[in-house]
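Visitor: got a predicted structure here, sequence first:
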Amino acid sequence: MQLSVKLLPLYGVIALLCTLAYAAYHGRAYGRSGDDDPIGKELLLAHHKDGVLWSALALGLTIILIEVVLYELKPQRSWLFVYHLPAALGMVGVLALMASWVTGLRFPAMHRRLSRAFFACLTAAAGTGGVMIVQM
């Protein structure tokens with residue numbers, strides 16, 4: 001029973017990674033596409049926006065599943081939490097900033113830099129979070 005509860009956040013993480021890959025693929029394709037096909041370009045943008053929406057929902061699902069695991073297992077706080085929390089909050093903050101103000105249409109260069117910062121925070125949060133779940 002305890003192993004299946006520990007694996008519960010894995011479903012959310014898989015959904016998050018799949019939707020992030022979908023959004024990143026269509027975002028890059030939109031950035032590389034020329035002005036020859038405006039309908040295709042708008043379709044890529046629509047797919048990118050859908051991917052970002054599903055990524056945000058998957059991120060919320062992942063956080064809820066992790067909270068369920070923490071509620072069920074009641075672990076002691078790890079020293080890694082000091083590094084995990086700023087990375088996780090930075091990830092959520094950068095995602096909110098990119099979705100609301102620094103969109104790819106208004107500031108494409110800054111949007112690209114923020115997406116790289118998002119993936120750096122995601123890597124740090126997933127690494128420390130994964131180690132903390134294994135330690136439970």
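Guide: Cool, got the structure. In this text the structure is predicted, and so the values were computed from the model without any measurement.

Visitor: could you point out the longest helix in this structure?
Guide: Ranked by residue count and defined by DSSP state H, the top helix of the chain is helix 38-73.

Visitor: how far away is Val92 from Leu59?
Guide: Applying C-beta to C-beta, to the nearest Å, the value for Val92 to Leu59 is 7 Å. C-beta coordinates here come from the backbone N, C-alpha and C atoms, glycine included.

Visitor: and those two? Which one has more around it.
Guide: More crowded of Val92 and Leu59, by other C-beta atoms under 10 Å: Leu59, with 21 against 17.

Visitor: need the helices for this protein, in chain order.
Guide: Using DSSP H, helices in the chain cover 2-6, 8-32, 38-73, 81-100, 108-135.

Visitor: same list (those) but as JSON lines, adding mean pLDDT.
Guide: Shown next, in JSON lines, are those (pLDDT from 0 to 100):
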{"stretch": "helix 2-6", "mean pLDDT": "68"}
{"stretch": "helix 8-32", "mean pLDDT": "83"}
{"stretch": "helix 38-73", "mean pLDDT": "83"}
{"stretch": "helix 81-100", "mean pLDDT": "89"}
{"stretch": "helix 108-135", "mean pLDDT": "88"}
